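Peer 1: The amino acid sequence is not available; the structure is as follows:
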């Protein structure tokens, strides 16, 4: 009986094995095929730039597979303190907002594999964009889509009538503004010249008056011995009420008397339209062809109007904060100082995205040489940003520049973005609030209600309040990272 029980047990185990594995030499039928889950759409947020969002969507539909959802948001919506995350895989935004997004932990560093992709061609990107604007601390957090430095755009024909050249210093600029104003009848003798006509135009509207002041003050405030210009690195006390900024605001207010009466409402695109319509002799802005894509034509543009670009005027002296003295620049210094992050667009991968690889691929393609020629020019906030784009500079500047003037502009952009001395515009959290406070100071100085020194002292007090509300230590660390350094 005992042997019989073991025999039955062996037979039962063998039958069970055959049931599970099948007979030797046979295969199980493959499982019935099931529908693969549909691929999730790639989600992209575009900030303050609906036309750029449309261009991205068009390129994606023409060149890529899958679905792309593009959502437009404003800077105010992105920076709202109630917002806790970005519901997207990628985000395109004004370059000055990189600190806001980085310090909230919303954007992810780009991996070495992404940065090494042939399409990205990192060495092709202009120096300060590659080394500064896409960097936060010691991490690369973004790809560039173009960041125009402010330029002096002018009408060569009118300067030739006065036998004048583009000004090399801000003092020469002030003198030329006055000469142009006094020579209005000489310069507008053609019946084709529209009216009203202005000697100069500077964009002093909300969000821009502050940037123009910073650009004007950069040459005075950026001393070779210091790399921090807007805040004290240790205390985060603002430096905007110091002599270089006061001097710049005094000169800005004087020049505004020769410009349009509504200059406190103008944006860079408005100044560009005044120039290309022949209603202005020179202005602080950058060229853009975005209006051509949107079919916005200049009003009453004389056929003879042709424009050219020059770097912003330089300074032959700089303020030494430690000594509290003005010092002449050394013979090796040009006095040119570029304000970085005035406008521009960056693209980043949203941290925690389920489709981070696809988002990184999209960003690289948008920034790369092939897609960028069709995407970047659609935004009025961008310009060329790669050496390989220089032969195609007309894509960005349009027809108001001759081929020769356009090529010269491309060289100026490249030179400005490799300048030895630079100043970063506000890139830390609270950027919008800091710039708004500085806008108020500029507008108050234009009204003449208070002296430039008093206006800037009040703005400095507002900056201290903003810093305290955001968190002094948080802002100190962010400011170090905005300068491309890790805080001590």
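Peer 2: Yep, that arrived. Just so you know, these numbers come straight off a predicted model, no measurement behind them.
Peer 1: Hmm, residue 421 is touching residue 225, no?
Peer 2: No - with contact defined as CB atoms under 8 Å, residue 421 does not count as touching residue 225 (11.0 Å). The way it works is simple: take the backbone N, C-alpha and C, and place the C-beta from them, glycine included.
Peer 1: For the two, indicate the residue with more neighbours.
Peer 2: More neighbours sit around residue 421 than around the other of residue 421 and residue 225, counting by other CB atoms under 10 Å; the figures are 19 against 10.
Peer 1: and the more buried one, backbone torsions?
Peer 2: As for residue 421, its main-chain torsions (degrees, to the nearest 10) stand at phi -100, psi 130.
Peer 1: Pick out the residue nearest the middle of the protein.
Peer 2: Nearest to the mean C-alpha position of the chain, counting by CA atoms, centre = their mean, stands residue 344 at 2.2 Å.
Peer 1: got the residue ranges for the helices in the stretch 301-450 of the chain?
Peer 2: According to DSSP state H, counting those that start in this stretch, the stretch 301-450 of the chain carries its helices in the segments 356-367, 369-375, 394-397, 403-416, 431-447.
Peer 1: out of these, nearest to residue 281?
Peer 2: Shortest distance between residue 281 and the helices of the stretch 301-450 of the chain, using CB to CB, is found for helix 403-416: 15.8 Å.
Peer 1: what about the closest one, average pLDDT?
Peer 2: When pLDDT is averaged along helix 403-416, the result is 98.
Peer 1: Remind me what it packs against, helices and strands.
Peer 2: In terms of contacts (3 or more CB pairs under 8 Å, 6 or more residues apart in numbering; DSSP states H and E), helix 403-416 is packed against strand 151-154, strand 308-310, helix 394-397.
Peer 1: what comes up buried for that helix?
Peer 2: Judged by neighbour count using 16 or more other CB atoms under 10 Å, the buried positions of helix 403-416 are 405-407, 409-410, 412-416.
Peer 1: now swap in stretch 366-379 and tell me
Peer 2: Using 16+ other CB under 10 Å as the test for burial, stretch 366-379 gives 366-368, 371-379.
Peer 1: Need the residues that contact that stretch.
Peer 2: With contacts defined as CB atoms under 8 Å, 6 or more residues apart in numbering, stretch 366-379 is touched by 49, 51-52, 54-56, 59, 63, 92, 119-121, 124, 143-146, 288-290, 293, 345, 347, 365, 382-386, 388-389, 392, 395-396.
Peer 1: can you give me the end-to-end distance of it?
Peer 2: 13 Å (CA to CA, to the nearest Å).
Peer 1: need the contact list for residue 318.
Peer 2: Under the contact definition (CB under 8 Å, 6+ apart), the residues listed for residue 318 are 219-224, 244, 326-327, 329.
Peer 1: Can you tell me which of these are buried?
Peer 2: With neighbours counted using 16+ other CB under 10 Å, the contacts of residue 318 contain these buried positions: 219-223, 244, 329.
Peer 1: right, so of the helices of the stretch 301-450 of the chain, which gets closest to residue 171?
Peer 2: Between residue 171 and the helices of the stretch 301-450 of the chain, the tightest spacing by CB to CB is seen for helix 431-447, at 18.8 Å.
Peer 1: Now find how far off-centre the helix or strand following that closest one is within its chain.
Peer 2: Moving toward the C-terminus from helix 431-447, the first helix or strand encountered (DSSP states H and E) is helix 452-470. Going by CA atoms, centre = their mean, to the nearest Å, the spacing between the C-alpha centre of helix 452-470 and its chain's C-alpha centre is 24 Å.
Peer 1: quick one on the thing from earlier: quick check: which of the helices of the stretch 301-450 of the chain is nearest to residue 162?
Peer 2: Once CB to CB is applied to the helices of the stretch 301-450 of the chain, the stretch that comes out nearest is helix 403-416, at 18.8 Å.
Peer 1: Now do the closest one: everything it contacts.
Peer 2: Identification of contacts with helix 403-416 by CB under 8 Å, 6+ apart yields 126, 148-149, 151, 156, 287, 306-311, 336, 338, 383-385, 387, 389-390, 393-394, 397, 401.
Peer 1: at 6 Å what do you get?
Peer 2: With contacts defined as CB atoms under 6 Å, 6 or more residues apart in numbering, helix 403-416 is touched by 126, 149, 308-309, 311, 338, 390, 393-394, 397.
Peer 1: got it, and stretch 281-300?
Peer 2: Residues outside stretch 281-300 that contact it (CB under 6 Å, 6+ apart): 148, 150-151, 153-155, 158, 180, 194, 199-202, 268, 271-273, 275-277, 377-378, 380, 383, 396-398.
Peer 1: Which segments of the protein make up each domain?
Peer 2: 42-144+345-378, 151-340+422-470 (automatic domain parsing).
Peer 1: what mean pLDDT does the longest one have?
Peer 2: In this model, domain 151-340+422-470 has a mean pLDDT of 93.
Peer 1: With stretch 86-106 instead?
Peer 2: Predicted confidence along stretch 86-106 averages 97 (mean pLDDT).
Peer 1: what's the span of that stretch, first residue to last?
Peer 2: Start and end residues of stretch 86-106 are separated by 7 Å (CA to CA).
Peer 1: Next, the buried residues of that stretch.
Peer 2: Of the residues in stretch 86-106, those with enough neighbours to count as buried (16+ other CB under 10 Å) are 86, 88-104, 106.
Peer 1: Next up, phi/psi of residue 142, please.
Peer 2: Note on residue 142: its backbone torsions stand at phi -150, psi 170 [degrees, to the nearest 10].
Peer 1: separation between it and residue 315?
Peer 2: For residue 142, the distance to residue 315 (CB to CB, to the nearest Å) stands at 31 Å.
Peer 1: got it, and residue 334?
Peer 2: Following CB to CB, the distance that separates residue 334 from residue 315 is 10 Å.
Peer 1: still on that earlier bit, please identify which of the contacts of helix 403-416 is nearest to residue 356.
Peer 2: For the contacts of helix 403-416, the minimum distance to residue 356 (CB to CB) is 26.7 Å, reached by residue 126.
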